[in-house]
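Participant: Using only what follows, build the 3D model:
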Amino acid sequence: MTPTDLSPVRTTRPRLHFAPRNNWMNDPNGLVFHDGLYHLYFQCNPRGVSHADVSWGHATSTDLARWTEHDPAILWDDTAQIYSGSVVVDHGNTSGFGTAEAPALVALYTAAAVGHQAQALAYSTDGGYVWTKHRGNPVLDRGTSDFRDPKVFRYDDGTDGYWVMVAVEAEDRQVLFHRSDDLTTWTYLSSYGPAGPVGGVWECPDMFRLAVDGDDDDVQWVLLISLNPGGIAGGSGTHYVVGDFDGTTFRPTTPLPTPDPELLVDRSQSRGELESYDWIDFGPDCYAGVTFDGLAENERTLIAWMDNWRYAGSIPHDESSEYRSAMTLPRRLSLTRDSNGVARLRQAPAIEVGPDEVTELGSLAGRVAVAMERGDAGGVDAASADAVRIRVTATFGDADSVVLRIGDGETGEVVVRQSRGSGRIDVVRPDVVPPAGVGASMSMPVARAGEIDWEIWIDTLNDRVSSLELFAEGGDRVLTALIPASSQGICSLEVAGGAVREARVAVAEMPS
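Facilitator: Numbers count the residues shown, from 1 in each chain. Coordinates of the predicted model:
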C-alpha cells in the first residue's frame, strides 16, 4: 500500500487542519517522518462518534497541510484498547523486526484494559500501513491501572546509544523514565514529579532537545506534560518544563514546588499559581501535543488535539455529525531566552499559505474593517474565506487597547483584545461554542505590552465550528480556541482610548 492508493481526507473543510473522514478522534499518536512522509496516527473509534473501542487511526502527508487518511493502523481487541503511544524507526534493527537495509517502524503504545494498563509493542515492515502486534506483549508492565502514554526516543550517550521511554503514572502525577537496547526489554531509570501543575491526571509526555536561540553550545531538554483537568484555561491543557537530561535523570533548570498530597485529591490551584508555570498554549483547545520522530533537532514539530475533555463529546452539538475533533496546526518548536535569561518555547506554524494582502494603516484610531476586495490582483477577502491568516502589528501611542472583532451578533462575536495597562491579551468567545458557560473567556500575559504582534489563523472545521489559533509576540505566547463556524464572516479592528502608530494588517488565504 502507498499513500496514493487513497484520496485526500477532504479538499474543502478544514483547509489547514487534519480531521478524520468520520468517527471519534482524540490524541495524536506515533508522529513520525519516514521516507519523505509525515505519518500521523491518532486515537480513534473506528465504529462511532463516542470515545470507545479505542484504536489507532492513520493519515499521511508530504507537507503537513494536505492529508491522506488510511485504514486504521492498530485495532482494539477483546483484551485491550489501544491507548496513546509513539513510533520510532529502528534504523539499527535493534529489535530484530526488520533489517539494517529495511528497518521496521516500531510502535510502543498503552494496552488499556479494565483496571490495568501496560505498554505493548507492534511493528510494521511496509512503511507504517500494516502492523503486527508483538507476541511477547506487554513489554513493560508495572501492574498498575494508570501507567500509560509511552513516548520513545533514541538517546545518544556518545557510544552506541539506547532507547529511552517517557511514560506516566497518571494519578500519581509522575513521569517515569525507562531504557532499552532492543525496544522489548525495559529497565527503570528514574522519575519526575509530582511538581508544578497537578490539578488533574498527567498524560501524554514528550521529551526532546533544543538549542537555545540556535546555539549548539547551549542545548536544553524540554519535557511536555499534559494534564486533565487543571489546564491554564480550564479542563485539559499542556505544561512544559525546561531542564537537563543526562540519560538517566531529568532535572529542571528551575525546580517546581512539590505539592502537598491533599492537593492531588482536591485539585485546587489558583490562576495565579498556574500562570507561574510554563504552558504550550493558553487556550482551552490544545491538548496531548507530541512531536515527530525522524526530523532534525532544529525541525522539531508538534501536533496536538484541538479540543478539550470538558466538552469534546459535544462538538459539533448535533449527534448526527459524522466525526468529532480536529488536530491543531503543526507547530515548529524552538527555544529562546527571554529578557530575564529564562529559556522558553517559541512556536511557529509549520505550513505555508498564499501571499499576504497588506494594508498599511499608519496612525489609527477608531474602527476599520479587515477585508479587501477581490480583484485582478488576487486580493483576499477575510469575510468570505474558509481559512485565513490575519497578521496585525502596531505600536501603542496613547491608545488604551486594540481589539479585533470576529463575527457578528447573529452567530456570536469573538473578541481578541490587548490592553496596554494590563499587559494581557484576552479572547472572549460566545457560548455557542462550546456548551454554555465553559471556557468563554481566556487570557494570557505578554512581555511587550506596548506592541501589537498578532498572527491569527482561522479555519472552518465544519458547518458549526471553526478554530482560532493566535500566535503572539513571534510565537512566544499561543492561544487556541474553537469558535462559531461563521465567525470570520465579519472582521474589524478597533482602537480605543486614543491612537496606535505604524498599524499594519496582512491577510492571506489558504489556497484550494
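
Participant: Show the average pLDDT along the lengthiest strand in the chain.
Facilitator: In terms of residue count, the longest strand belonging to the chain (DSSP state E) is strand 491-509. For strand 491-509, mean pLDDT rounds to 93.

Participant: And for stretch 39-49?
Facilitator: For stretch 39-49, mean pLDDT is 95.

Participant: do stretch 218-227 as well
Facilitator: The predicted model assigns stretch 218-227 a mean pLDDT of 98.

Participant: Only alpha carbons, please: show it as CSV.
Facilitator: Output of stretch 218-227 as CSV, limited to C-alpha atoms (Å, rounded to 0.1, in the frame of the first residue of the first chain):
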residue,chain,number,x,y,z
ASP,A,218,23.5,25.9,24.7
VAL,A,219,21.3,22.9,24.5
GLN,A,220,18.4,22.2,26.8
TRP,A,221,15.8,19.5,27.2
VAL,A,222,12.1,20.1,27.2
LEU,A,223,9.6,17.9,29.0
LEU,A,224,6.0,18.2,27.9
ILE,A,225,3.2,17.0,30.4
SER,A,226,-0.5,17.2,29.5
LEU,A,227,-2.9,17.2,32.4
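
Participant: buried stuff in that stretch?
Facilitator: Applying a neighbour-count criterion of 16 or more other Cβ atoms under 10 Å, one finds Gln220, Trp221, Val222, Leu223, Leu224, Ile225, Ser226, Leu227 buried in stretch 218-227. Bear in mind the C-beta positions are built from the backbone N, C-alpha and C, glycine included.

Participant: ok, so what distance separates Arg300 from Glu509?
Facilitator: Relative to Glu509, Arg300 is positioned 28 Å away (Cβ to Cβ, to the nearest Å).

Participant: Check Leu333 too.
Facilitator: Distance from Leu333 to Glu509, by Cβ to Cβ: 26 Å.

Participant: Just give me the neighbour total for Thr185.
Facilitator: The tally of other residues near Thr185 (other Cβ atoms under 10 Å) stands at 12.

Participant: So what does it look like in phi/psi?
Facilitator: Note on Thr185: backbone dihedrals following degrees, to the nearest 10 are phi -120, psi 120.

Participant: again with the one 10 residues further on
Facilitator: Torsion angles at Ala195 (phi, psi; degrees, to the nearest 10) stand at phi -160, psi 150.

Participant: and if you look at Glu473?
Facilitator: Main-chain torsions, Glu473, degrees, to the nearest 10: phi 50, psi 50.

Participant: just checking, Trp163 touches Pro150?
Facilitator: No: the pair Trp163 / Pro150 is not scored as a contact, 10.5 Å apart, by Cβ atoms under 8 Å.

Participant: Between those two, which has more neighbouring residues?
Facilitator: Between Trp163 and Pro150, Pro150 has the larger neighbour count (other Cβ under 10 Å), namely 27 against 22.

Participant: Which strand or helix spans the more buried one?
Facilitator: Using DSSP states H and E, Pro150 sits in strand 147-155.

Participant: Mind listing residues that contact the helix or strand following that strand?
Facilitator: Next in sequence after strand 147-155, counting helices and strands by DSSP H and E, comes strand 162-169. Residues outside strand 162-169 that contact it (Cβ atoms under 8 Å, 6 or more residues apart in numbering): 88, 94, 108, 110, 119, 140, 142, 144, 146-155, 174-183, 186, 189, 202-207, 223, 225, 247.

Participant: please redo it, this time with the cut-off set to 7 Å
Facilitator: Residues from elsewhere that reach strand 162-169, judged by Cβ atoms under 7 Å, 6 or more residues apart in numbering: 108, 119, 144, 146-155, 174-181, 183, 186, 202-203, 205-207.

Participant: So what are the sheet partners of that strand and their directions?
Facilitator: Its sheet considered, strand 162-169 pairs with strand 147-155 (antiparallel), strand 174-180 (antiparallel) by DSSP bridges.

Participant: and Val495, what are its bridge partners?
Facilitator: Gly366, Val402.

Participant: got the contact list for it?
Facilitator: Leu364, Ala365, Gly366, Ala399, Val402 are the contacts of Val495 under Cβ under 7 Å, 6+ apart.

Participant: center of the chain - which residue?
Facilitator: Of all residues in the chain, the one closest to the mean position by Cα atoms, centre = their mean is Ala304, 2.4 Å from it.

Participant: No more questions from me, cheers.
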